[in-house]
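Engineer: quick one, structure for this:
(2 chains)
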Amino acid sequence: MNSTTVIVGASLAGINAARTLRLQGQAGPIIVVDADPERPYDRPPLSKQMLTGEWEAEKILLPAGKEDLGLDFRLGVRAKGVDLGTRQITLENAGGSIETAAFDSLVIASGAAARRLPDSAGIAGVHVVRTLADSLALRAELDAGPSRVVVIGAGFIGAEVASSCRKRGLEVTLVEALPLPLERILGPEMGRVCAQVHIENGVDLRLGTGVLQLETAIVDGVERVAGVALTDGTTVAADIVVVGIGVTLNTDWLEGSGLTLEDGVVCDNTLLAAPGVVAAGDIARYPSARFGRMLRVEHWETAIAGGEAAARRLLADANGDTPQVFDPIPWFWSDQYDRKIQLAGRPMPTDQCVVVHGSTDEFRFVALYGDGDRLTGVLGMNRPRHVIQLRALFEEGASFSEACERAATL
Amino acid sequence: MRIVVDFDLCESNAVCMGIAPEIFEVRDDDFLYVLDENPPESMRAKIEESVQRCPKQAISIVED
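Structural biologist: Predicted coordinates:
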């Protein structure tokens, strides 16, 4: 392939797409664009080792970003628009100047940005954790020893930030609008277990309450957060507020491109979004035969696998090969306090959930999810061996009851 | 080739065990054990995949 590929997004999906293209035969230019000025880095430590201060930024650089792959990095450069007819992408440089680049094929891996609270712009002490700059800014404020951190949103980012703050000995209030944390992902039974983990680790957990508004004070001429007024009528004093309420997909530059945008870039089952255009990572929505619905997966491993698969999809066209179907088993982990939560599969919160090993009271167990007799999820807390072994059951096409039997033998 | 695991980095996600159970084993104590530190060349593809997929970049291959 002597053609030119533009990859929008230099994070896990984009960099792995670039690496795969180069290693598997693309000789032509590979331009990698990202609005983030940093060299490609790994995000999971941003809410953990980077916040606790255990690791420095150098340690989280992605190996693929350091390899000599002859990539044309355009970092600090934002994609503004794309014309799929003329094969031109419009880019905005850090200084605001606009340029265009021609491409033959395009990889869309522009990911997502952290959602922020409305009316919180410009208020000091209010943070999100999505980029390295976000993490370093929050860490600098944690170093100053705040008397209380309020974390809004008890999803995975919020839970990990709460955990990192507790490891630093800080007082933490964790606010969740839903009745239970992670209920939409893990269901109510496991949501209760996750809530208990926070409580056991000394977090002031406020469930079923939203944020009414941020209270601020003027400190040294700067408007700074002082507390959070909640919809249950209470107000929590806070020196620092961390907002973990999900993400907004970076699809604005694709508006009007002709691509189908529906909570992500809609692809076929090979990650192809249009001729010569593929998507990967958080932004790609693809049909999963395995789970019988369209999926958009924001997991670390899916970003790697998706980047590789998207690259192979482009190479298949160039080489006249049959494209491969992309339908991996979603899997992720989250480290909170001294607990490791791992989920393989994609359960619905209404699926049945059965603990097949260990006990939730000890926070060391494996639970299986099923929709009828279809296995939909394997959840483990501090049981990594079991989760990885049971994850293989998806490949084998095991039913829920077969999975329960197998779990008993581990 | 020789497999080197940085156990200060390893946090036992067991991804490597999923890819190459002949080489990597996370036991009941939640620690990773390398079953064969000098694996045969036939295992190279699986081990390289394990290196690539390790969430902590804790595994490396040293050529003898």
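Engineer: quick one: end-to-end length of stretch A:276-284, please.
Structural biologist: Counting by CA to CA, to the nearest Å, you get 15 Å between the two ends of stretch A:276-284.
Engineer: what does chain A have sitting close to chain B?
Structural biologist: Counting by CB under 8 Å from any CB of the partner chain, chain A comes close to chain B at A:42, A:44, A:63, A:300-301, A:304, A:333, A:335, A:340, A:342, A:382, A:384-385, A:387-389, A:391-392. Heads up, the C-betas are built off the backbone N, CA and C, glycines and all.
Engineer: buried ones only from those, please, as a ChimeraX command.
Structural biologist: In ChimeraX, the members of those classed as buried (16 or more other CB atoms under 10 Å in any protein chain shown) are selected with the following command:
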select /A:42,44,300,301,304,333,335,340,342,382,384,385,387,388,389,391
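Engineer: now, which of the residues of chain A next to chain B lie within strands?
Structural biologist: A:333, A:335, A:340, A:342 (DSSP state E).
Engineer: and stretch A:183-200, what's buried?
Structural biologist: Going by 16+ other CB under 10 Å, stretch A:183-200 has these buried residues: A:183, A:185-187, A:189-191, A:193-195, A:197-198.
Engineer: nearest to chain B among these?
Structural biologist: When the buried residues of stretch A:183-200 are compared for distance to chain B (CB to the nearest CB), residue A:197 comes out closest, at 16.6 Å.
Engineer: let me see the contact set for that closest one.
Structural biologist: Contacts of residue A:197 were listed using CB atoms under 8 Å, 6 or more residues apart in numbering or on different chains, and they are A:336-337, A:339, A:363.
Engineer: now the helices: where do they sit in chain A?
Structural biologist: Using DSSP state H, the helices of chain A run over A:12-23, A:49-52, A:63-66, A:132-143, A:156-167, A:183-200, A:300-319, A:384-396, A:400-408.
Engineer: output the lowest mean pLDDT helix or strand found in chain A.
Structural biologist: Sorting the helices and strands of chain A by mean pLDDT, DSSP states H and E puts helix A:63-66 at the bottom, at a mean of 88.
Engineer: distance between that one and the chain's centre?
Structural biologist: For helix A:63-66, the separation from the chain centroid amounts to 20 Å (computed by CA atoms, centre = their mean, to the nearest Å).
Engineer: kindly report the same for stretch A:10-26.
Structural biologist: Distance of stretch A:10-26 from the chain centroid (CA atoms, centre = their mean) equals 19 Å.
Engineer: please enumerate the helices of chain B.
Structural biologist: Remark: helices of chain B, listed N- to C-terminal, are B:15-19, B:44-53; assignment by DSSP H.
Engineer: with respect to burial, which of the ones you listed scores highest?
Structural biologist: Ranked by average neighbour count under the criterion mean count of other CB atoms under 10 Å in any protein chain shown, the helices of chain B are headed by helix B:15-19 at a mean of 24.
Engineer: would you mind pulling the contact partners of that helix?
Structural biologist: Taking CB under 8 Å, 6+ apart as the criterion, the residues outside helix B:15-19 that touch it are A:301, A:385, A:388-389, A:391-392, B:23-26, B:32, B:46, B:49-50, B:53-55, B:59.
Engineer: if we go to 10 Å?
Structural biologist: Residues from elsewhere that reach helix B:15-19 (CB atoms under 10 Å, 6 or more residues apart in numbering or on different chains): A:301, A:329, A:331, A:333, A:342, A:344, A:384-385, A:387-389, A:391-392, B:3, B:5, B:10, B:23-27, B:32-35, B:45-56, B:58-59.
Engineer: ok, now stretch A:398-410?
Structural biologist: Where contact means CB under 10 Å, 6+ apart, the residues beyond stretch A:398-410 that reach it are A:351-352, A:354-357, A:366-378, A:383, A:385-386, A:389-390, A:392-394, A:396, B:28.
Engineer: and for stretch A:351-361?
Structural biologist: Where contact means CB under 10 Å, 6+ apart, the residues beyond stretch A:351-361 that reach it are A:186-190, A:192-193, A:196, A:345, A:347, A:364-372, A:374-383, A:386, A:390, A:400, A:403-408, A:410.
Engineer: 7 Å - rerun?
Structural biologist: Contacts of stretch A:351-361 from elsewhere in the structure, counted by CB atoms under 7 Å, 6 or more residues apart in numbering or on different chains, are A:187, A:189-190, A:193, A:364-371, A:376-377, A:383, A:386, A:404, A:407-408, A:410.
Engineer: same question for stretch A:230-242.
Structural biologist: Contact with stretch A:230-242 is made by A:125-127, A:129, A:138, A:141, A:146-152, A:161, A:173, A:175, A:206, A:209-212, A:214-215, A:225-229, as judged by CB under 7 Å, 6+ apart.
Engineer: how about stretch A:106-118?
Structural biologist: Under the criterion CB under 7 Å, 6+ apart, residues A:5-9, A:11, A:13-14, A:17, A:79, A:82, A:128, A:130, A:211, A:214, A:243, A:245-250, A:265, A:273, A:276-283, A:307, A:310 lie in contact with stretch A:106-118.
Engineer: quick one on the thing from earlier: generate a ChimeraX selection restricted to the buried entries among the contacts of stretch A:351-361.
Structural biologist: Selecting only the buried entries of the contacts of stretch A:351-361 in ChimeraX, with 16+ other CB under 10 Å as the criterion:
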select /A:187,189,190,193,364,365,366,367,368,369,370,371,376,377,383,386,407
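Engineer: quote the end-to-end distance of stretch A:26-42.
Structural biologist: Length of stretch A:26-42, first residue to last, CA to CA: 25 Å.
Engineer: give me the neighbour count for residue 25.
Structural biologist: Using chain A here. Using other CB atoms under 10 Å in any protein chain shown, residue A:25 has 11 neighbouring residues.
Engineer: to clarify, I was referring to chain B.
Structural biologist: Residues near residue B:25, counting by other CB under 10 Å, number 16.
Engineer: please apply the same query to the one 3 residues further on.
Structural biologist: Burial of residue B:28 is recorded as 9 neighbouring residues (other CB under 10 Å).
Engineer: contact partners for it?
Structural biologist: So, once contact is read as CB under 7 Å, 6+ apart, residue B:28 ends up touching nothing.
Engineer: how about the residues of chain B near chain A?
Structural biologist: Taking CB under 7 Å from any CB of the partner chain, the part of chain B that reaches chain A is made up of B:11-14, B:17-18, B:26-27, B:30, B:53, B:55, B:57.
Engineer: relative to residue A:217, how far out is residue A:124?
Structural biologist: For residue A:124, the distance to residue A:217 equals 10 Å [CB to CB, to the nearest Å].
Engineer: quick revisit: rank the helices of chain A by mean pLDDT and give me the bottom one.
Structural biologist: Of all the helices of chain A, helix A:63-66 carries the lowest average pLDDT, namely a mean of 88.
Engineer: CA atoms of that helix as CSV?
Structural biologist: What follows is helix A:63-66 as a C-alpha-only set of coordinates in CSV (Å, rounded to 0.1, in the frame of the first residue of the first chain):
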residue,chain,number,x,y,z
PRO,A,63,5.3,1.5,23.6
ALA,A,64,3.8,1.8,20.1
GLY,A,65,4.2,5.6,20.2
LYS,A,66,7.9,5.2,21.0
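Engineer: list the contacts of it.
Structural biologist: When contacts are taken as CB under 7 Å, 6+ apart, the neighbours of helix A:63-66 outside the stretch itself are A:15-16, A:19, A:39-40, B:57.
Engineer: so can I have TSV of those residues showing neighbour count and distance to residue A:316?
Structural biologist: What follows is those, written out as TSV (neighbours: other CB atoms under 10 Å in any protein chain shown; distance: CB to CB, whole Å):
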residue	neighbour count	distance to residue A:316
A:15	29	20
A:16	27	17
A:19	23	17
A:39	17	30
A:40	25	25
B:57	17	29
